[in-house]
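Colleague: Would you be able to build a 3D model of this:
(2 chains)
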Amino acid sequence: MVCPVCGEAYAEFQKTGLFGCSACYEAFAPRLDALFKRIHGVARHISGMPDGEETREGRISVLAAQLRQAVAREAFEEAGRLRDRIAALRRTARNMP
Amino acid sequence: MTFGNLAGQTAGWLDGSGAQPALVVSSRVRLARNLQAIPFVHRASVEARRTVIAAVTACCGQMPEMTFFEADGLSDVERHLLVERHLISPALAKGQGPRGVLVAPDQAVSVMVNEEDHLRFQAILSGFQTYDAWGRARRLERELSEGLAYAFAPQWGYLTACPTNTGTGLRASLLVHLTGLVLTQEMEKVVRGVTQMGLTVRGFYGEGSEASGSLFQVSNQVTLGHSEEALLEALEKAVGQLLSCEENARETLMRDARPQIEDKVWRAYGLLKHARILTSQEVMNLSSAVRLGIALGILCDIDVRVLNRLMVSILPAHLQYFKGRNLSSHERDILRADVVRQQMTKFGKS
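Modeller: Numbers count the residues shown, from 1 in each chain, chains lettered A, B, ... in the order given. Got it, this is the predicted structure:
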């Protein structure tokens, strides 16, 4: 496996531990799930995007954190609203093609 | 802002503000970002690295208060002064080729350019205020994103040179004073527990460094698969537990060994105020005892701010920069004792 953009070989990446450029991610993709699972326990990003948009999973995880905090503060009305928003996001996720 | 202005101004993160300043010295958040279509730094040509610097400095037109310092335009001592201020990493100081740092006047936010990644945004604040530090780093990252295109892929998040930073690119670290746990010899056990919670505990000067003066950096280990907020929440929760262990250890010490602790604190205070030759390590260890004395209410005429300032101003590059010449290690030890005495008297409450 060699990155077509910067020419870094997978063997080189294994040796240095550094990707050569952002295209290396695509080039080495078949090996990355296992690598990321070993390092991070998971292989997928779930948070925000550069344009300020968030992935649905990321939004749900943020709302879930706020929900836990609201419950801890015993702010049950706010917790109810957060629970509804999470449920709505999960519904749209299921309806996606 | 000239380098002299920057050096002459105490970094905001040393001002002893924020929550629990006696236990948590500082909260730091850094975000790793790379620019699209430019090879990562270790594979980038000199021209490509210059392109990164030009792109970043062009974006700063909107932020006239930020100043860019090119590493090769600084002397060795000046670069090390920035390391001691936690504004650049030792790797950036030692590195080669076009690289540098963009700094705000209060030194709370900065961006290392062409370190391991094209950009490393940093916010560092005094005390326990992780979310505020995250907010500051995030705001700067957003502001620059208007003129820059970050390398990003929906499935992997922000693409970084090292796979340990992929995803959020976020590393949050708290500098905590855990002298109670060190003295009661519980540190090893506690570190094991904290590691199991997905955090890393290291010495004061980062990777591979020894704990100096019972100061430890606690940071998140993973960067992928969790939102930034979730990573910060996990860190805050674990550090909260760590701090309650520390407080328990301090209670035990005060219950079982009060005279010894008081003696240790007062001896350290006396040495700092009167010694004529001091090594950095000695100052760190004595400061640790004095910091404990302040937290336990044994010492009332001194503030943690003085110790925070000392922590940085007694380091070799600071001493040499302000003296205006290179100093031998022995000369530094003498000057260091002078600086400590002056600051303990000048900034002490009495």
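
Colleague: Kindly report the residues of the stretch 1-150 of chain B close to chain A.
Modeller: Contacts of the stretch 1-150 of chain B with chain A, taken as Cβ under 8 Å from any Cβ of the partner chain, map to B:34, B:36-40, B:42-43, B:116, B:142, B:145, B:149-150. Any C-beta I mention is one placed from the backbone N, CA and C, and that applies to glycine too.

Colleague: One more pass at 10 Å, please.
Modeller: Residues of the stretch 1-150 of chain B lying close to chain A by Cβ under 10 Å from any Cβ of the partner chain are B:33-44, B:48, B:116-117, B:138, B:141-142, B:145, B:148-150.

Colleague: Report the contact partners of residue B:49.
Modeller: B:38, B:39, B:41, B:97, B:98, B:99, B:113, B:114, B:118 (Cβ atoms under 10 Å, 6 or more residues apart in numbering or on different chains).

Colleague: need the contact list for residue B:188.
Modeller: So residue B:188 contacts B:181, B:182 (Cβ under 10 Å, 6+ apart).

Colleague: right, and the secondary structure at it would be what?
Modeller: Secondary structure for residue B:188, judged by DSSP: H, G, I helix; E, B strand; the rest coil, is helix.

Colleague: Could you check the pLDDT of it?
Modeller: Looking at residue B:188, its pLDDT is 87.

Colleague: cool, the one 4 residues further on as well?
Modeller: Residue B:192 carries a pLDDT value of 89.

Colleague: Is it located within a helix, as I assumed?
Modeller: Yes - looking at residue B:192 with three-state DSSP, it is inside a helix.

Colleague: give the contact list for it.
Modeller: residue B:201.

Colleague: Could you do residue B:129 as well?
Modeller: B:17, B:18, B:19, B:20, B:24, B:26, B:27, B:29, B:123, B:135, B:136, B:174.

Colleague: which non-adjacent residue is nearest residue A:24?
Modeller: In space, and not counting its chain neighbours, residue A:24 is closest to residue A:3: 4.4 Å by Cβ to Cβ, 6 or more residues apart in numbering or on different chains.

Colleague: Neighbour-wise, give me the winner out of the contacts of residue B:129.
Modeller: The most crowded member of those, judged by other Cβ atoms under 10 Å in any protein chain shown, is residue B:29 (31 neighbours).

Colleague: Please verify my assumption that it contacts residue B:229.
Modeller: No - using Cβ atoms under 10 Å, residue B:29 is not in contact with residue B:229, being 11.9 Å away.

Colleague: For these two, list the residues in contact with both.
Modeller: B:131, B:134.

Colleague: So the residue nearest to residue A:24 sits against residue A:11, correct?
Modeller: No - in this structure, residue A:3 is not within contact of residue A:11 by Cβ under 10 Å, at 11.8 Å.

Colleague: any idea of the mean pLDDT for the host helix or strand of residue B:32?
Modeller: Assessed by DSSP states H and E, residue B:32 sits inside strand B:24-33. Taken as a whole, strand B:24-33 has a mean pLDDT of 96.

Colleague: And for stretch B:173-185?
Modeller: 94.

Colleague: Could I get the CA-only coordinates of stretch B:331-341 as PDB?
Modeller: Taking Å, rounded to 0.1, in the frame of the first residue of the first chain, the C-alpha atoms of stretch B:331-341 are listed here in PDB:
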ATOM      1  CA  GLU B 331      25.900  31.000  38.200                       C
ATOM      2  CA  ARG B 332      22.200  30.200  37.600                       C
ATOM      3  CA  ASP B 333      21.900  28.600  41.000                       C
ATOM      4  CA  ILE B 334      23.100  31.800  42.600                       C
ATOM      5  CA  LEU B 335      20.900  34.000  40.500                       C
ATOM      6  CA  ARG B 336      17.900  31.700  41.100                       C
ATOM      7  CA  ALA B 337      18.200  32.100  44.800                       C
ATOM      8  CA  ASP B 338      18.300  35.900  44.400                       C
ATOM      9  CA  VAL B 339      15.200  35.800  42.200                       C
ATOM     10  CA  VAL B 340      13.400  33.600  44.700                       C
ATOM     11  CA  ARG B 341      14.300  35.800  47.600                       C
END
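
Colleague: got a list of what the closest residue in space to residue B:245 that isn't next to it in sequence touches?
Modeller: Distances taken as Cβ to Cβ, 6+ apart put residue B:190 closest to residue B:245, at 5.5 Å, once the chain neighbours are dropped. Residues in contact with residue B:190 (Cβ under 10 Å, 6+ apart) are B:178, B:181, B:182, B:184, B:201, B:216, B:241, B:242, B:245, B:246, B:249.

Colleague: cool, residue B:53 as well?
Modeller: B:68, B:70, B:98, B:99, B:100, B:102, B:113, B:114, B:118.

Colleague: same thing but at 7 Å, please
Modeller: Counting by Cβ atoms under 7 Å, 6 or more residues apart in numbering or on different chains, residue B:53 touches B:98, B:100, B:113, B:114.

Colleague: what's the helix or strand for it?
Modeller: Assigning secondary structure by DSSP H and E places residue B:53 in helix B:46-59.

Colleague: after that helix, next one along is what?
Modeller: Trace forward from helix B:46-59 with DSSP H and E and the next one is strand B:67-70.

Colleague: Check residue 56 and give its pLDDT.
Modeller: All of this refers to chain A. For residue A:56, the model assigns a pLDDT of 67.

Colleague: switch to chain B, that's the one I care about
Modeller: 93.

Colleague: got it, and residue B:147?
Modeller: 85.

Colleague: these two touch, right, it and residue B:59?
Modeller: Yes - counting by Cβ atoms under 7 Å, residue B:147 does reach residue B:59; the two are 3.9 Å apart.

Colleague: More neighbours: these two, which one.
Modeller: Between residue B:147 and residue B:59, residue B:59 has the larger neighbour count (other Cβ under 10 Å), namely 18 against 13.

Colleague: Get me the contact residues on chain A for chain B.
Modeller: Residues of chain A lying near chain B by Cβ under 7 Å from any Cβ of the partner chain: A:6, A:8, A:17-22, A:25, A:35-36, A:39-42, A:44-47, A:49-50, A:55, A:58, A:61-62, A:65.

Colleague: Give me the buried entries from these.
Modeller: Among the residues of chain A next to chain B, those classed as buried by neighbour count (16 or more other Cβ atoms under 10 Å in any protein chain shown) are A:6, A:8, A:18-22, A:25, A:36, A:39-40, A:44-47, A:49-50, A:55, A:58, A:61-62, A:65.

Colleague: Now the residue nearest the centre of chain A: closest residue in space, sequence neighbours ignored.
Modeller: When Cα atoms, centre = their mean is applied to chain A, the residue found nearest the centroid is residue A:45 (1.6 Å). Nearest residue to residue A:45, sequence neighbours excluded (Cβ to Cβ, 6+ apart): residue B:157, at 3.1 Å.

Colleague: How about the stretch 251-350 of chain B: which residue is closest to chain A?
Modeller: residue B:251 (25.5 Å; Cβ to the nearest Cβ).

Colleague: Could you check how many residues crowd around that residue?
Modeller: 12.
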